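**Student:** pasting the sequence and the predicted model now:
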Amino acid sequence: MSTVPALSVKGLRSGYGRGGDIVCGIDLEQRPETILAVVGPNGSGKSTFVKTLAGLVPVRAGSIEVTGSNVTALSPAQRTAAGIAYVPQEGNVFRSMTVGENLKLATEFVRARAGAGLAQQSLILELFPEIANRRRLLAGNLSGGQRQMLAFACALLSNPEVLLLDEPSAGLSPKFVVEIMQTVLTTRKAGVTIVLVEQNVSAALAIADEVAVLVAGTVARHCPVAALADGELERLFLGRAA
Ligand SMILES: Nc1ncnc2c1ncn2[C@@H]1O[C@H](COP(=O)(O)OP(=O)(O)OP(=O)(O)O)[C@@H](O)[C@H]1O
Ligand SMILES: [Mg+2]
């Protein structure tokens, strides 16, 4: 078995413009084909952290490695080619285009990566039957859950090593929350390593292998989900020592 982490983050610092650091020195290693739930209070830097991994917020210090290769200096497009895929919380599909057009456009962007492209499409659509049956529908006419599935499918077209999901369950009805979490599990079983940022902590922990609790831009706790003590999360969210 490979011992190279799928994702390795060391001393990572990032922020916006001339403002202070939002990500304030994060160290994390994630084993391949695991789900890491990233949780924490509002404004603790979860989205900024995954945007930094995706290359959308500049790194100020530290490093990011994907399956052993250093991607810290790479552009977002180069990181996609290196195996990182990112699904933002909002605005993650083109609503005025059909499902099929969204998938096609996503394919256009990922030609550089081995295993990416049209051949990958049929494989992905098997994972998302609800999307496969609606290829002529405008993405704007999909339900919230289906739109998330489409965003997911577009991201998987690049055949990523590491998939970054920012609150995929936000705004969804409970039925779709269950469905989207099942899809995350299926994706992991297909060999993808997943960083799952979630406000819906219980839904995320139900499927995650490990959890990282972000508080004020630092990792306050990183452990297997089963190792969390009763009440520990609540204490961390409220900023009290365990
Ligand atoms: N584009 C931006 N420019 C400047 N500051 C920003 C920007 N985006 C976020 N921030 C600030 O960075 C901090 C962390 O925000 P971030 O969105 O990463 O937190 P979060 O943990 O994802 O929060 P939430 O749970 O509400 O999604 C906040 O103080 C926020 O105001
Ligand atoms: Mg966020």
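**Tutor:** Right, received. Where do you want to start? Ligands and ions are numbered 1, 2, ... in the order given.
**Student:** what helices or strands is the worst-scoring helix or strand of the chain on mean pLDDT leaning on?
**Tutor:** Ranked by mean pLDDT, DSSP states H and E, the helix or strand of the chain with the weakest confidence is helix 118-127, at a mean of 76. Where contact means 3 or more Cβ pairs under 8 Å, 6 or more residues apart in numbering; DSSP states H and E, helix 118-127 is packed against helix 99-108, helix 129-132, helix 144-156, helix 174-189. Bear in mind the C-beta positions are built from the backbone N, C-alpha and C, glycine included.
**Student:** to ligand 2, which of those lies closest?
**Tutor:** helix 144-156 (15.3 Å; Cβ to the ion).
**Student:** by contact count, what packs against the closest one?
**Tutor:** Contacting helix 144-156 under the criterion 3+ Cβ pairs under 8 Å, 6+ apart are the following elements: strand 84-87, helix 99-108, helix 118-127, helix 129-132, strand 162-166, helix 174-189.
**Student:** go with 7 Å
**Tutor:** Contacts defined by 3 or more Cβ pairs under 7 Å, 6 or more residues apart in numbering; DSSP states H and E place helix 144-156 against strand 84-87, helix 99-108, helix 129-132, helix 174-189.
**Student:** tell me the most buried of the ones you listed?
**Tutor:** Among those, the stretch with the highest mean neighbour count (mean count of other Cβ atoms under 10 Å) is strand 84-87, at a mean of 24.
**Student:** partner strands of that strand and their direction?
**Tutor:** If you go by DSSP bridges, strand 84-87 pairs up with strand 162-166 (parallel).
**Student:** so how far is A227 from the spatially most central residue of the chain?
**Tutor:** Computing the C-alpha centroid of the chain and ranking residues by Cα atoms, centre = their mean puts L164 first, at 1.6 Å. Separation of L164 from A227 (Cβ to Cβ, to the nearest Å): 24 Å.
**Student:** many thanks, we can stop here.
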